[in-house]
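Student: Coordinates only, no sequence provided:
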C-alpha cells in the first residue's frame, strides 16, 4: 500500500496532565517537542508507539484551529491522521485527486527533507488528514516530526507495542470511507456490518457510525497490548478503564487488541 499511518494527533486543553496519563496508563513517554508547532499557536509532545507516534497538541494562544476544534467536540479528543507517503509522486497524485474532488489545502510546508500537506477538514470530513513525504523514505526510522532518529531511545514496550488501527466516527461512515478511499486511491473494504476500512502498510483507518454525542471525528485507536493486566490496573487507578478491552485517554477510546 502507498501510505503508512505514522502519527496520530490528539488535542488537549492542557498538555502536561495528558502526557502524565499516557505515561501512567500506557507506559509510553515523550520523545520530542516540536518547536515548529508554535507557529500554529500550539505546544506539543510526541510519544513513540513502536515505530509510529501519538502526538498531543494543546493551544497556547487564542483562536487557533485546535482551540476551535476543542470547543466543537466538547473537550479533549482525536484531531488528526498523519500519513507518510511512499514517494513524492504518491503525495503529489493524492493532492491532484484532492483538487479534483474540491478538497482544499489548509497548509503546505517544506522543512529540510520533509514535505507536509494538511487538507481542510471541512472538505475531507472526519478529521484533519495530513499527507507527508520525506526524501529519506524511512517508514520505521527517521521521522522529522520526532527530531530524526533520537526518538528510538524512548520506545517502551512493557505495556503496548504498536498501533494497529485508527477509527473515525460519522453519521455517514460508508460515504466518508469511500471519499477517503478515492482521495488516497485505496479501496474501501468491509470491516464488519456497518463499517468500512482502508488497509494501509501498517494498519487500517476504520469508519464507523457515531459512537457518542460528540459528532464526526477521530474517536478511537487500536493498540497491540503486551501486558493487559498491568495496563488495566493502571487505567483503573485513574478512572480511565472502560472495560476489559478499552480505556479512555485524552477523550479518545483505546481498544486493546
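Tutor: All right, it came through fine. Because the structure is a prediction, the values reported are computed rather than measured.
Student: Check the contact between residue 36 and residue 112; I expect there is one.
Tutor: No - applying C-beta atoms under 8 Å, one finds residue 36 not in contact with residue 112, separated by 11.1 Å. (C-beta placed from N, C-alpha, C; glycine too.)
Student: residues touching residue 6, list them.
Tutor: Residue 6 is in contact with 52, 53, 82, 83, 84, 132, 139, 143, counting by C-beta atoms under 8 Å, 6 or more residues apart in numbering.
Student: gap between it and residue 75?
Tutor: 26 Å (C-beta to C-beta, to the nearest Å).
Student: With residue 163 instead?
Tutor: Residue 163 is 22 Å from residue 75, where distance means C-beta to C-beta.
Student: So for the two, which sits in the more crowded spot?
Tutor: Neighbour count, other C-beta atoms under 10 Å: between residue 163 and residue 75, residue 163 has more, with 23 against 12.
Student: Surely that one and residue 225 touch.
Tutor: No - contact criterion C-beta under 8 Å: residue 163 and residue 225 do not qualify, at 11.5 Å.
Student: quick one, strands of the stretch 1-150 of the chain?
Tutor: Remark: strands assigned in the stretch 1-150 of the chain by DSSP state E, counting those that start in this stretch are 3-11, 42-49, 52-59, 77-85, 105-111, 114-119, 128-134.
Student: what about stretch 55-74, start to end distance?
Tutor: Distance between the two ends of stretch 55-74: 19 Å, counting by C-alpha to C-alpha, to the nearest Å.
Student: The chain: helices as residue ranges?
Tutor: Counting by DSSP state H, the chain has helices at residues 15-26, 65-72, 88-100, 121-124, 173-184, 228-237.
Student: Any chance of TSV for those helices, columns mean pLDDT?
Tutor: As requested, the helices of the chain are arranged in TSV below (pLDDT from 0 to 100):
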stretch	mean pLDDT
helix 15-26	98
helix 65-72	92
helix 88-100	96
helix 121-124	92
helix 173-184	96
helix 228-237	98
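Student: out of the ones you listed, which comes closest to residue 252?
Tutor: Closest approach to residue 252 among those is made by helix 15-26 (10.1 Å; C-beta to C-beta).
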